[in-house]
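A.B. asks: Got a sequence here, can you model it:
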Amino acid sequence: MNATIMIDANGRFEGYASLFGKIDQGGDVVMPGAFAKSLKKRPARQIRMLFQHDPKEPIGRWLDVWETDIGLKVRGELTATVPRADALAALIEHGSIDGLSIGFRTVRAARAQAAKPRRLLDVDLWEISIVTFPMLGSARIQPPKLARQLRRASQLFASNT
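C.D. replies: Numbering: from 1, shown residues only. From the prediction side, this is the model:
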């Protein structure tokens, strides 16, 4: 597979739906462990894959959703017979759309001061969408080679701290 291709022939792709310690456009920062309880009670197959957070637009299924030291890693598969999913597969392959965004309910959050970002400590994850404009700009579908590089960089960072 070419490193620039982000989706395989079966409509499978991977990426990070959320990254820990990064401030999103809404002023939230997801903290490590925030998804742990939710993922224990709701496995990947029960987390919906939507387009643009629209519940009328299911487009596939999540095969794996888990926390790494970087953030919320996902591996998904578009449903080939759904017209929107077919179009998204082409757009992802072309590099025209690659955003990921989480749909959740806040269970526990904290804010050090009113002007500081809200730290999300525990969230109930309901869905993860493929989106045009993610709230967290770095939450993206990634080429497999880039995902491996991110993992290695994260491991090096962890071993040096």
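A.B. asks: Any chance you could list what contacts stretch 44-63?
C.D. replies: Contact partners of stretch 44-63, identified using C-beta atoms under 8 Å, 6 or more residues apart in numbering, comprise 11-12, 64-65, 74-79, 82, 84-85, 88, 101, 103, 125-132. (C-beta placed from N, C-alpha, C; glycine too.)
A.B. asks: give me that answer again for 6 Å
C.D. replies: Identification of contacts with stretch 44-63 by C-beta atoms under 6 Å, 6 or more residues apart in numbering yields 64-65, 74-79, 82, 84-85, 103, 125, 127, 129-131.
A.B. asks: Just read off the phi/psi values of P55.
C.D. replies: phi -60, psi -10 (degrees, to the nearest 10).
A.B. asks: What distance do you get for it to W126?
C.D. replies: P55 sits 10 Å away from W126, taking C-beta to C-beta, to the nearest Å as the criterion.
A.B. asks: Neighbour count for those two, which is higher?
C.D. replies: Per other C-beta atoms under 10 Å, whichever of P55 and W126 has more neighbours is W126, with 17 against 10.
A.B. asks: three-state assignment of that one?
C.D. replies: strand (DSSP: H, G, I helix; E, B strand; the rest coil).
A.B. asks: The spatially closest residue to it that is not a sequence neighbour: which element?
C.D. replies: Of all residues not flanking W126 in the chain, G103 sits nearest, at 5.0 Å (C-beta to C-beta, 6 or more residues apart in numbering). Using DSSP states H and E, G103 sits in strand 99-110.
A.B. asks: name the helices or strands packed onto that strand?
C.D. replies: Applying 3 or more C-beta pairs under 6 Å, 6 or more residues apart in numbering; DSSP states H and E, one finds that strand 99-110 contacts strand 12-19, strand 118-131.
A.B. asks: got a markdown table for these, with mean pLDDT too?
C.D. replies: Formatted as a markdown table, the helices and strands packed on strand 99-110 follow (pLDDT from 0 to 100):
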| stretch | mean pLDDT |
| --- | --- |
| strand 12-19 | 96 |
| strand 118-131 | 97 |
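A.B. asks: Can you say which of those strands is nearest to R111?
C.D. replies: Minimum separation from R111 across these (C-beta to C-beta) falls at strand 118-131, 5.0 Å.
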